[in-house]
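> here's a sequence, model it:
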Amino acid sequence: MPSTSIDTFFACIIIVTAALIATASLASTMQTSINTTQNINKESYLKAISDHIVTNPGAPLNWGSIGVMPTDFGLAASPSTIPYELDLDKISRLNELNNYSLSYFDMMNSSRLSNIALGITVSQIMSINIAQSSNSTIGSETSFNFAILTSINSEPVSTSLHCYVIANNYLNEITNTTSDIGLGYLTIQIPSPSTDNAFFVVFARSSFDNRITSYAIYNFASSAQETTPNNEVLSLSPLNYSVSLSTNSSGLDIQSGYLFSYGYQHNIGNVENSNQYSIPKILDNSPFIIIIYGTINETSFQQWIAYPQIPLKAGSSFENSEQNVFNYIVTVNNVLYKLNISLGDVPQ
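Model (predicted):
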């Protein structure tokens, strides 16, 4: 073959090879673009679902407070004057401890997400850690020394503290502060016979925003901080500014109860009927802590519940499945909280 023909032949091979490489590169670029577009579209779609749950009050508009199953799932307060304001009863009904709680089936059915997993968590913005350092008994009283640590996202924060010690019909208030390193110290006294049946309720309010107000509970019976109540004797379910009581225990005698917030305490001893107490509508940028006390078989007991029932975790656990998380700062009863909406993968 003449050299000119050989040169032409190899030139054609080079051109064809380059074209094939360019085509492959273009196909790869197009596929990447398609995949990216699909991901963007999926994220936008899931974000729209999440936003709808947070900003939509659902139907009926007051499904949280009237105790019925919603036909349309939404957590927003109605009416609302501020963005991302959630209804405290709708939030409380996501907590499995509440007798009026929604099942996962009810949540999925009313949100019309039968093919997409849904999970919801709500938590306090500020964390409070209670640690008992020492105690001593003199006469009929026992003194306890505590260190209180307050932080936001693991960073220390200065706060004002308003605390209550409750042991049956014994009640005492203590105030203090935590420093710039988030640390404060408190000493409390309790009648010695009541120390095994006492609660220490700590409210902390941020120095830079009074809507950041958190609570923590220390149970002297277990000498430990509690994040959820122990419902062995009595179960409390707050809804629509009343708290219902349920128990499987015999020999139960309810004596009275208290409502606590950062700035107020109120005796809620008025009984509407045999298993329900009214909750006053106290205006305070604070979660409420309700404590009911009495005896069971002549042994003293106390039971607490938060209103709204936060922290909470509802819905899917997303074990071995894709989880797309959307984060919000929301307001519930004039207090700021962290809300996470988790959604599963979109069916293909």
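> where do the helices sit along this protein?
Ranges of helices in the chain, per DSSP state H, are 3-55, 63-66, 88-92, 104-111.
> for the last one, what is the distance to the chain centroid?
Same thing as helix 104-111. 19 Å (CA atoms, centre = their mean, to the nearest Å).
> domain ranges for the chain, per the record?
52-123+311-343, 126-304 (automatic domain parsing).
> can I get these in JSON lines including mean pLDDT, distance to residue 45 and mean neighbour count?
Any C-beta I mention is one placed from the backbone N, CA and C, and that applies to glycine too. Output for the domains of the chain, formatted as JSON lines (pLDDT from 0 to 100; distance: least, CB to CB, whole Å; neighbours: other CB atoms under 10 Å):
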{"stretch": "domain 52-123+311-343", "mean pLDDT": "93", "distance to residue 45": "9", "mean neighbour count": "18"}
{"stretch": "domain 126-304", "mean pLDDT": "92", "distance to residue 45": "29", "mean neighbour count": "17"}
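> can you put those in a markdown table and add distance to residue 46?
Shown next, in a markdown table, are the domains of the chain (distance: least, CB to CB, whole Å):
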| stretch | distance to residue 46 |
| --- | --- |
| domain 52-123+311-343 | 5 |
| domain 126-304 | 25 |
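> those domains: which one's closest to residue 41?
Of all the domains of the chain, it is domain 52-123+311-343 that lies closest to residue 41, at 12.8 Å by CB to CB.
> what about the closest one, start to end distance?
One end of domain 52-123+311-343 sits 13 Å from the other (CA to CA, to the nearest Å).
> next one: stretch 207-220
End to end - CA to CA - stretch 207-220 spans 29 Å.
> kindly report the same for stretch 295-313.
End-to-end for stretch 295-313, by CA to CA: 31 Å.
> try stretch 311-318
19 Å.
> chain center to it: distance?
Distance, centroid of stretch 311-318 to centroid of chain: 10 Å (CA atoms, centre = their mean).
> in this structure residue 343 contacts residue 115, no?
No: look at residue 343 against residue 115 with CB atoms under 8 Å: they stay out of range, at 10.9 Å.
> which residues does residue 182 contact?
Residues near residue 182 by CB atoms under 8 Å, 6 or more residues apart in numbering: 149-151, 156-159.
> so what's the residue count around residue 347?
7 (other CB atoms under 10 Å).
> find the nearest non-adjacent residue to it, please.
If the residues on either side of it in the chain are set aside, residue 347 comes closest to residue 115, at 4.7 Å by CB to CB, 6 or more residues apart in numbering.
> all strands for the stretch 201-348 of the chain, in order.
213-219, 224-226, 235-239, 242-246, 252-260, 265-267, 271-273, 276-278, 288-296, 299-307, 312-315, 324-332, 335-343 (DSSP state E, counting those that start in this stretch).
> partners of the last one in the sheet?
Partner strands for strand 335-343, per DSSP bridges, with pairing direction: strand 118-124 (antiparallel), strand 324-332 (antiparallel).
> so what touches the shortest one?
Going back to what we said before, that points to strand 118-124. Strand 118-124 has contacts (CB under 8 Å, 6+ apart) with 53, 91, 94, 107-108, 111, 214-215, 287, 310-318, 323, 330, 332, 337-344.
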